[in-house]
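Visitor: This is a predicted model, with the sequence first.
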Amino acid sequence: MKLKSYFADSVENAMAQARQELGPDAMLVNSRKSSIETRHLGTYEVVFVSEAPAGGEADPPAPPARASSPDSDRLAQEMAELKRELEGMRRTLNRSALAPATWRDSSADASDAYAALAAAEVSPELAREIVQGAESRLSRAGGAKSPSAFRGALVEQLEARVKVQPSLGRGDARPRIVALVGPPGCGKTTTLVKLAVNYGLAARRPVMLLSIDTYRVAAAEQLRSYSAILGAGFHLVETVASLAQTLEENRGKELIFLDTPGLGPAEMAGYSTLAQFLSSREDIDTHLTVSCSMKSADLSRVMDGFEVFRPQRILFTKLDETVSYGPILNECVRTGKPLSFFTAGQRIPEDLEAAAKGRVAELILGGAAVEALSAA
């Protein structure tokens, strides 16, 4: 068995290195940001385990064939039985560690499902509610409670708690005005350009890009460069009054996208006028843009802090920089706001997708969580 760490500037690149060296059967054990001591090797570290020798190493010579004997057959059967018992013990220990005490005598499907949701960082209360809902659904339906039937009920319960609205603009208001707000480093500017290309320029709709981000000069210049490449209009506004005037002057456009500064808790007070403007305009569709790789506690704090902007929807970025997608569901349920779009990379305009209930279930029940759920 081989255990090895790989370092790169993104989790995706580190995983690609591991797959290339260890092969497709290698299993992801952990992913995290690099420590201070190893930061020079790459921003992210992923740990993989493989039972096979790493690529490029010579396979050991095969032992000479030997005739089967009753003793060797019995030994093979005993080893297989021991392996099954160890696997059963592992699953029992996982359920005991992750599932609530009241569930430890319940079905393996329920315990494994709770463990899978917990592994994806779904909140304990929500995970319990989803699993209990799946059990109740099967009980009402009657019939055989097979693992596949339980999984279907689980996905149904999960999707029932997700709201999605992958659209731009509010109602019949024209032009459709879309504003992206969020913390620093969440990818608002590149996401705004992806939206403009996919839903504006690709459909030959007149598009205007606006920026009120005077806090970072580079951000406005980046958007100006994109607009020149795409052939879209661009305007930098420095005040809320100027923003209101610019919106009025561009009523003939079909789509107007507004880029805003990345705001941390300390900067919020300085942009109260902008928050009041966006929250009071019934024709502006404000999307709270947040990174999926944030810790759950930090994500909740950011969501609450940006409530002064009255965002209508949540847009999650950087899905490629994490393997735990439970916080998407947690915040969708906690805030009651629908999901609009996902991004998973820097490519423009490819790395953008409309939010869908099935996609959220796939993310949460994928990877390690699926292994925990389907171990039986």
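Guide: Now that the structure is in, tell me what you want to look at.

Visitor: Not counting sequence-adjacent ones, nearest residue to residue 272?
Guide: Distances taken as C-beta to C-beta, 6 or more residues apart in numbering place residue 308 nearest to residue 272, at 7.4 Å, with adjacent residues excluded. For the C-beta atoms, the positions are set from N, CA and C on the backbone; glycine is no exception.

Visitor: Around the nearest residue to residue 185 once chain neighbours are set aside, count how many other residues there are.
Guide: Nearest non-adjacent residue to residue 185, counting by C-beta to C-beta, 6+ apart: residue 262, 6.3 Å away. Summarising burial for residue 262: neighbours were counted as other C-beta atoms under 10 Å, giving 20.

Visitor: Could you point out the bridge partners of residue 208 in the sheet?
Guide: residue 233, residue 256 (DSSP bridges).

Visitor: Neighbours of it, how many?
Guide: 24.

Visitor: Could you do residue 121 as well?
Guide: Neighbours around residue 121, by other C-beta under 10 Å: 20.

Visitor: so what's it up against?
Guide: Taking C-beta atoms under 8 Å, 6 or more residues apart in numbering, we find residue 121 in contact with 296, 324-327, 330.

Visitor: so the residue nearest to residue 185 sits right up against residue 187, yeah?
Guide: No. Residue 262 is beyond contact range of residue 187, at 9.5 Å (criterion: C-beta atoms under 8 Å).

Visitor: For this structure, just list every one of the strands.
Guide: 2-8, 27-33, 44-50, 176-182, 207-211, 233-236, 255-262, 284-291, 313-317, 339-343, 352-354 (DSSP state E).

Visitor: Now for residue 34, how many residues are close by?
Guide: Using other C-beta under 10 Å, residue 34 is surrounded by 17 other residues.

Visitor: need the strands of the chain in TSV with mean pLDDT and distance to residue 191, can you?
Guide: Shown next, in TSV, are the strands of the chain (pLDDT from 0 to 100; distance: least, C-beta to C-beta, whole Å):
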stretch	mean pLDDT	distance to residue 191
strand 2-8	79	23
strand 27-33	71	22
strand 44-50	75	21
strand 176-182	94	6
strand 207-211	90	12
strand 233-236	89	16
strand 255-262	92	9
strand 284-291	95	6
strand 313-317	96	6
strand 339-343	96	5
strand 352-354	94	7
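
Visitor: Just send those back as a markdown table, with distance to residue 134 too.
Guide: Formatted as a markdown table, those follow (distance: least, C-beta to C-beta, whole Å):
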| stretch | distance to residue 134 |
| --- | --- |
| strand 2-8 | 35 |
| strand 27-33 | 26 |
| strand 44-50 | 31 |
| strand 176-182 | 34 |
| strand 207-211 | 44 |
| strand 233-236 | 50 |
| strand 255-262 | 39 |
| strand 284-291 | 28 |
| strand 313-317 | 25 |
| strand 339-343 | 22 |
| strand 352-354 | 26 |
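
Visitor: closest one to residue 20 among the ones you listed?
Guide: strand 2-8 (9.6 Å; C-beta to C-beta).

Visitor: so what secondary structure elements neighbour the closest one?
Guide: With contacts taken as 3 or more C-beta pairs under 8 Å, 6 or more residues apart in numbering; DSSP states H and E, strand 2-8 sits against helix 11-22, strand 44-50.

Visitor: residue ranges with poor pLDDT in the stretch 51-200 of the chain?
Guide: Where the stretch 51-200 of the chain drops to pLDDT under 70, the residues are 51-74, 78, 83-107, 142-145.

Visitor: the domain parsing of this structure - what is it?
Guide: 2-50, 92-162+357-376, 176-355 (automatic domain parsing).

Visitor: and of those domains, who's closest to residue 81?
Guide: The closest of the domains of the chain to residue 81 is domain 92-162+357-376. By C-beta to C-beta, the value is 16.6 Å.

Visitor: List the contacts of residue 328.
Guide: 292, 316, 339, 360, 363-364.

Visitor: mind redoing it with 7 Å?
Guide: By C-beta atoms under 7 Å, 6 or more residues apart in numbering, the residues touching residue 328 are 292, 316, 360, 363.

Visitor: Hmm, the first one is touching residue 318, no?
Guide: Yes. The pair residue 292 / residue 318 is scored as a contact, 5.4 Å apart, by C-beta atoms under 7 Å.

Visitor: residue ranges of the helices in the chain, please?
Guide: Assigned helices in the chain, in chain order: 11-22, 70-98, 108-119, 124-141, 147-160, 188-199, 217-230, 240-249, 272-280, 296-305, 326-335, 357-364, 368-373 (criterion: DSSP state H).

Visitor: any chance of the contacts of residue 328 in JSON lines, with distance to residue 194 too?
Guide: Below are the contacts of residue 328 laid out as JSON lines (distance: C-beta to C-beta, whole Å):
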{"residue": "292", "distance to residue 194": "16"}
{"residue": "316", "distance to residue 194": "13"}
{"residue": "360", "distance to residue 194": "20"}
{"residue": "363", "distance to residue 194": "19"}
